[in-house]
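Visitor: 3D, please:
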Amino acid sequence: MAQEGISFADIPFADRADAGRRLARVIEAHLTEKADFADPLVMALPRGGVPVAFEVARTLGASLELLIVRKIGAPGHPEFGLGALVDSDEPQVVLNAEAMRIANPSEKYVQAETERQRLELARRRVLYLGDQARISPSGRNVIIVDDGIATGGTAKAAAKALRQAGAAALMLAVPVAPKSAIASLGDDVDRLVCLASPTPFHAVSIYYDDFEQTTDAEVIALLRQARGGDTGFGQR
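Guide: Residues are numbered from 1 along each chain as shown. Below you'll find the predicted structure:
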């Protein structure tokens with residue numbers, strides 16, 4: 001994993017839009033210097049990653065797509081992730097071998113929970129994008145964007161699924177993340193852009209003045225603007 005473009009920002013960020021604009025400037029400078037990541041597709045991890053990714057895509061003149069990830073929780077402990085289901089033409093299941101060993105769920109449970117999350121994933125995609133066509137990551141240089149990373153589990157699952165879906169190259173771009181998470185993602189992405197990696201690291205919310213939960217309505221509005229013919233965005 002190349003880490004060109006990593007810099008350290010003055011934090012806290014005002015809000016997700018501010019973080020997105022600052023992240024976009026660093027990515028733009030990186031892509032100008034390194035001409036081997038052309039015509040990127042920006043993929044946002046909803047909900048919080050959407051306002052950040054919106055600013056990145058607008059600055060780069062890139063297309064914006066959602067990358068919905070649903071945790072597959074352990075029996076009786078849904079907060080403990082066995083893996084994740086990642087949105088694509090054929091949703092990808094990415095299981096964590098160590099978590100599976102610890103929880104030791106039955107195959108029947110994993111299948112049932114995966115199907116439950118598949119239905120929720122489909123519901124959310126219709127909610128956010130209606131009948132709009134999916135923009136395929138196959139053969140594309142993809143920039144995965146979130147509002148921050150705590151453990152890296154979601155980003156890792158997303159990256160693995162995008163590899164399976166045929167993405168040409170992957171960049172992970174986040175405003176803030178702990179050094180441990182950055183290190184854990186080393187084999188999963190080709191480039192990583194992170195504005196700040198404080199030590200010690202606290203909750204992502206600490207590094208924002210305004211970290212109000214992004215609503216479904218806000219996600220829908222931003223996606224409509226980005227994918228509704230606005231000349232500042234790519235449309236493929």
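Visitor: Residue 171 against residue 190, yeah?
Guide: Yes - assessed by C-beta atoms under 8 Å, residue 171 is found in contact with residue 190 at 6.6 Å. For glycine as for every other residue, the C-beta is placed from the backbone atoms N, C-alpha and C.
Visitor: For these two, indicate the residue with more neighbours.
Guide: For the pair residue 171 and residue 190, the greater number of neighbours falls to residue 171 (24 against 17), based on other C-beta atoms under 10 Å.
Visitor: Pairing partners for that one in the sheet, please.
Guide: For residue 171, the residues forming beta bridges with it (DSSP bridges) are residue 143, residue 191.
Visitor: check contacts around it.
Guide: 27, 37, 40, 141, 142, 143, 144, 189, 190, 191, 192, 193 (C-beta atoms under 8 Å, 6 or more residues apart in numbering).
Visitor: go with 10 Å
Guide: By C-beta atoms under 10 Å, 6 or more residues apart in numbering, residue 171 lies in contact with 1-2, 5, 27, 30-31, 37, 40, 42, 141-145, 159, 189-193.
Visitor: Residue 23 now?
Guide: 5, 7, 9, 13, 52-53, 55-56, 59, 143, 145, 147, 173-176, 193-195.
Visitor: Repeat that for residue 156.
Guide: 84, 94, 96, 149, 172, 181, 184, 185, 187, 188, 189.
Visitor: Quick check: it vs residue 76, distance?
Guide: 24 Å (C-beta to C-beta, to the nearest Å).
Visitor: Could you check the pLDDT of the residue most central in space within the chain?
Guide: By C-alpha atoms, centre = their mean, the chain has its centre lying nearest to residue 45, at 3.5 Å. The per-residue pLDDT reported for residue 45 equals 96.
Visitor: For it, which non-adjacent residue is closest in space?
Guide: If the residues on either side of it in the chain are set aside, residue 45 comes closest to residue 146, at 4.3 Å by C-beta to C-beta, 6 or more residues apart in numbering.
Visitor: what's the average pLDDT for the longest helix seen in the chain?
Guide: In the chain, with assignment by DSSP state H, the single longest helix is helix 107-129. Taken as a whole, helix 107-129 has a mean pLDDT of 95.
Visitor: how many neighbours does residue 70 have?
Guide: Residue 70 has 21 nearby residues by other C-beta under 10 Å.
Visitor: For my notes, confirm it occurs in a helix.
Guide: No - Residue 70 is assigned strand when assessed by DSSP: H, G, I helix; E, B strand; the rest coil, not a helix.
Visitor: Show me the beta-bridge partners of it.
Guide: Here residue 70, judged by DSSP bridges, has bridge partners residue 85.
Visitor: residues contacting it?
Guide: Counting by C-beta under 10 Å, 6+ apart, residue 70 has contacts 84-87, 91, 113-114, 116-121, 124, 154, 157.
Visitor: I would like a ChimeraX command selecting only the buried ones among those, please.
Guide: To isolate the buried ones among the contacts of residue 70 in ChimeraX, judged by 16 or more other C-beta atoms under 10 Å, type:
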select :84,85,86,87,91,113,114,117,121,124,154,157
